[in-house]
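[1] Mind looking at a prediction? Sequence and model below.
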Amino acid sequence: MYRFKRIFLIVTDGLGIGEEPRTAEFGDKGANSMLHASEVLPLDIPNWTKLGITEVAKVAGHVARVKKPLAYVGKIYEMSNGKDTLTGHWEMMGVYTKVPNPQFIEHGFPKELVDKLSKEAFEGRKIIGNRHASGMQILEELGLQHIEKGDMIIYTSPDSTLQICGDEKTLGADKLNEYAKKARAICSANPKWNVARVISRPFIYENGKFIRTFNRHDYANKPTSHVILEDLQAKGIDTVAIGKIKDIFTGVGINTIYGPASDDENMDIAIDIAQSKSENQFVFVNLVQFDSHYGHRRDPLGYSENISRLDIKLGKLINALREDDLLLMTSDHGNDPTMFGNDHTREALPFTAFSKSFKKPHVIKEPLKGLGTVGNIVAKNFNVPLCETGEDIFEELK
């Protein structure tokens, strides 16, 4: 008999809450994603506030203390040497990243790799772009050339990625994914080229505007060591991946898959599951738009609005939870929408744990060491081995 029959883990991808001990080391001094977004547009987050988030995260305009938060809330300091999606999510499930994957920000991808991609992955198509850029910027510059001539756009983001753009109407999402899979194999075969993720970035061009669709796929490296998901699956726990989770873990340890969609849609799936009669289930949700749509694009207004929209869904999810359910929330890294450039930011990360069965929820005063702390709560509940990338606080959640 498990204490919690179902655990929902919501990852607010790219939502940080201020400096941590290594922030300056990563060049991110002064970053605070949530605070700076709230300074541009005040947050409307009554549900998350009641849980206690404003007791650990600075929010513009918030002055009143929440004397009795409904959840355990705290800050997490990441252990791994990175600030990207894979590093954060993998650490949650027990993988410590010592050496970050290669980046190609300064000079783009080497000619040898570009030539190999053109010949072996892209059916001889000419490659254009090949530099560090924002996704929308490179589409505005080269999207029409791709549509008219069939040339393939590649670029890299501030983390370890090879991104490939393709028009859904002229190239097709299936062909783009085929190219991305071949590119993944090529990169994985050479340590110097082995980026963490190869991303297919489908788009459409309508009424003079480029629109990136939700049919993207991330072809990530496989986790470099054992992950908690595998133990849960072996134990008979239904592991459910919503959003980018399947791509992040390359399907390892996952039973049920709901592909990438908007944050609202992904939360709706979680709410539907909560309203069902399922049991013995771990529901792992990634909310990507804080990162992809607002953080990288340096859009603090949209970032703030997305937090407030999340709060509406959060209220619905809380209402749907049973007494023996547990809700966990955290982030994988920061992405301050007011910082210079369009890189992720190394920040402290929020921790929220809520159950209707809790009797003494409170603010956790000392920062938690490692995102594996979240994974260990899941592992301890379902009686599988704990990981070394975090603390064990399960018995403290009462």
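    Now that the structure is in, tell me what you want to look at. None of these values were measured; they are calculated from a predicted model.
[2] Pull out the buried residues from stretch 21-33.
    T23, F26, D28, A31, N32, S33 (16 or more other C-beta atoms under 10 Å). Any C-beta I mention is one placed from the backbone N, CA and C, and that applies to glycine too.
[3] Need the contact partners of that stretch.
    If you take C-beta atoms under 8 Å, 6 or more residues apart in numbering as the criterion, stretch 21-33 is touched by 14-19, 58, 77, 83, 290, 295, 303, 334-337, 339, 343, 345-347.
[4] Report the distance from that stretch to the chain centre.
    Here stretch 21-33 is found 19 Å from its chain centre; the criterion is C-alpha atoms, centre = their mean, to the nearest Å.
[5] can you tell me the average pLDDT over it?
    The pLDDT scores in stretch 21-33 average 97.
[6] Quote the end-to-end distance of it.
    Across stretch 21-33, the terminal residues are separated by 16 Å (C-alpha to C-alpha, to the nearest Å).
[7] Tell me the buried residues within the contacts of stretch 21-33.
    The neighbour-count test (16+ other C-beta under 10 Å) marks 14-19, 77, 83, 290, 295, 303, 334-337, 339, 343, 345-347 as buried among the contacts of stretch 21-33.
[8] Inside helices: which ones of the residues you listed?
    Of the positions in those, Y303 sit in helices, assigned by DSSP state H.
[9] quick one: the strands in the stretch 201-350 of the chain?
    With strands called from DSSP state E, counting those that start in this stretch, the stretch 201-350 of the chain shows them at 209-212, 217-220, 238-242, 256-258, 281-287, 325-330, 349-354.
[10] Of these, which is nearest L176?
    Ranking the strands of the stretch 201-350 of the chain by distance to L176, with C-beta to C-beta as the measure, places strand 217-220 first at 8.6 Å.
[11] Give me the packing partners of that closest one, helices and strands only.
    Judged by 3 or more C-beta pairs under 8 Å, 6 or more residues apart in numbering; DSSP states H and E, the packing partners of strand 217-220 are helix 173-188, strand 197-206, helix 245-248.
[12] Just give me how far that strand sits from the chain centre.
    Mean-position distance between strand 217-220 and its chain equals 13 Å (C-alpha atoms, centre = their mean).
[13] And stretch 33-50, by the same measure?
    Here stretch 33-50 is found 19 Å from its chain centre; the criterion is C-alpha atoms, centre = their mean.
[14] again, but for stretch 379-391
    Relative to its chain's centre, stretch 379-391 lies at 21 Å (C-alpha atoms, centre = their mean).
[15] From K365, how far off is H62?
    Shown here: H62 relative to K365, a distance of 19 Å by C-beta to C-beta, to the nearest Å.
[16] whoops, V99 was the one
    Distance from V99 to K365, by C-beta to C-beta: 33 Å.
[17] For V99, give me its contacts.
    V99 is in contact with N81, counting by C-beta under 8 Å, 6+ apart.
[18] Report the secondary structure state of it.
    coil (DSSP: H, G, I helix; E, B strand; the rest coil).
[19] backbone phi and psi for it, please?
    Phi and psi for V99, reported as degrees, to the nearest 10, are phi -110, psi 120.
[20] What pLDDT does the model give it?
    So, for V99, pLDDT stands at 84.
[21] mind starting the numbering at 845 from now?
    I'll keep to 845 as the first residue from here, and by that count the last item is V943.
[22] Below-threshold pLDDT in the stretch 945-1094 of the chain: ranges please.
    For the stretch 945-1094 of the chain, applying pLDDT under 70 flags no range at all.
[23] what bridges to the spatially closest residue to L853 that is not a sequence neighbour?
    Using C-beta to C-beta, 6 or more residues apart in numbering and skipping residues adjacent in sequence, the residue nearest L853 is L1172, 4.6 Å away. L1172 forms beta bridges with L853, A1197, as assigned by DSSP bridges.
[24] Just the pLDDT at L1172, thanks.
    In this model, L1172 carries a pLDDT of 98.
[25] Tell me how far it lies from L895.
    L1172 is 11 Å from L895, where distance means C-beta to C-beta.
[26] Give me the common contacts of those two.
    Common contact partners of L1172 and L895 (C-beta under 8 Å, 6+ apart): T1196.
[27] so the residue nearest to L853 sits right up against F848, yeah?
    No - counting by C-beta atoms under 8 Å, L1172 does not reach F848; the two are 10.0 Å apart.
[28] pretty sure G1097 contacts H1070?
    No - at 9.2 Å, G1097 does not count as touching H1070 under the criterion of C-beta under 8 Å.
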